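[1] Structure for this input, please:
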Amino acid sequence: MTYRVIALDLDGTLLTARKTILPASLAALQRAREAGYRVLIVTGRHHVAIHPFYQALALDTPAICCNGAYLYDYHDKSVLEGNPLTAEQALQTLDILQAQQVHSALMYVDDAMLYETPAGHVERTRNWALSLPEAQRPVFRQVASLRDAAREAKAVWKFALTGDSLPHLQQAAREVEAKLGLACEWSWHDQVDVAQSGNSKGNRLAHWVESQGLSMDQVVAFGDNYNDLSMLERAGLGIAMGNADPAIQARADKVIGTNQQESIAEAIYRWLL
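    The predicted structure follows:
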C-alpha cells in the first residue's frame, strides 16, 4: 500500500516543548508535499490556537480540531462538519464540575476559548497566547459565567479540564461519562477533555480520508498521547514519539525519537521519501 496522507498531532509531537516546529520538520514536510502527500493537522486544540503552525506549514488541507469534534477549513474560516455538545450537555457538565470542585476549565466554543478561573493549564495557555504576534493570537477570554456563555454559544466543542485534586478530576470524568454519556479523553495524566461521544481523531480522520477516495491504510500518523491512539492504531503506519508514555509506544507500529529531536524529519526521509 502506498502512503498518501501524513496526519500530525501538534503538542508533544510536531511541536517542541517551546511550542515551535523544528526547521528540519518543516523542510521534510515540504518535501513530502512536493512528492504528493497530503499533510493534515490533527489536534486537540481549537482552530483559533493553530494559526502559527498552520501558517508555518503553508497547508491547503482542512484541520481536525478538538480531538475530532470538528473539521475546519482554515482558508474559508468555516466548520465543514462537526459534532458539538448540546447546551444542555454543557450545562450538566458544569454542574458536575462544580460538585467535584474542578475549577480549572476551558470551554471551547465557536471561535473562542473561554474560562472563569485563570488557574493551571488555563493560565499556561493564556500566557502562550499573549506571547504570540497579535495577528496569530487566539481568542482567549475570561467570562463571568461559563453557564451563560454555554447558553449563548452556537457550538460548544469541548471542555479541557485540569484540577488541583486528581481524584476529584477522575471522579468528575467518571460521572460525566456515566450520567451524561459523554466521552472523556485524557491528553495528559492530569488533563482530560470532555466531548460528544463518538468524536475522536481517528474517526474524523477516517471520514475525511474516505471523502478523498483514500483509505486509512494509506495514512501515516504521528502522535504521543492517549487521544492519539484512535488514529495511530487505525493508520497504515502509526508512529509514536519517543517522549510518549510506554503504553502509547507499545500500541504503535514504530517508535521514533522525541519531539525535541529531528525525529519526524528522519522518519519521513526513511520511510516515506
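
[2] residues in contact with whichever strand or helix holds residue 269?
    Assigned by DSSP states H and E, residue 269 belongs to helix 263-271. Residues outside helix 263-271 that contact it (CB atoms under 8 Å, 6 or more residues apart in numbering): 6, 8, 13-14, 22, 24-25, 27-29, 31-32, 220, 222, 237, 239, 241-242, 254, 256-257. Heads up, the C-betas are built off the backbone N, CA and C, glycines and all.

[3] give me that answer again for 10 Å
    Applying CB atoms under 10 Å, 6 or more residues apart in numbering, the contact partners of helix 263-271 are 3, 6, 8, 13-14, 21-29, 31-32, 35, 37, 220, 222, 237, 239, 241-243, 254-257, 262.

[4] Buried among the residues you listed? Need that as a selection in PyMOL.
    The following PyMOL command selects only the buried members of the contacts of helix 263-271, with burial defined by 16 or more other CB atoms under 10 Å:
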select buried, resi 3+6+8+13+14+21+22+24+25+26+28+29+32+37+220+222+237+239+241+243+256+262
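
[5] okay, now the domains of this structure?
    5-82+200-271, 87-195 (automatic domain parsing).

[6] Could you tell me the least trusted of the ones you listed?
    Across those, domain 87-195 has the smallest mean pLDDT, namely a mean of 90.

[7] What is the end-to-end distance of that one?
    Length of domain 87-195, first residue to last, CA to CA, to the nearest Å: 12 Å.

[8] Flag every buried residue along stretch 173-183.
    For stretch 173-183, using 16+ other CB under 10 Å, the buried residues are 173, 175-176, 180, 182-183.

[9] One more: stretch 127-135?
    residue 129.

[10] need the strands for this structure, in chain order.
    Secondary structure of the chain (DSSP state E): strands at 5-8, 38-41, 63-65, 70-73, 78-82, 104-109, 112-115, 140-142, 156-162, 183-188, 191-195, 219-223, 237-240, 254-255.

[11] what packs against the third one?
    Going back to what we said before, that points to strand 63-65. Where contact means 3 or more CB pairs under 10 Å, 6 or more residues apart in numbering; DSSP states H and E, strand 63-65 is packed against strand 38-41, strand 70-73, strand 78-82, helix 201-211.

[12] now the ones you listed as TSV including mean neighbour count and distance to residue 102?
    Formatted as TSV, the helices and strands packed on strand 63-65 follow (neighbours: other CB atoms under 10 Å; distance: least, CB to CB, whole Å):
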stretch	mean neighbour count	distance to residue 102
strand 38-41	21	28
strand 70-73	21	24
strand 78-82	14	25
helix 201-211	20	24
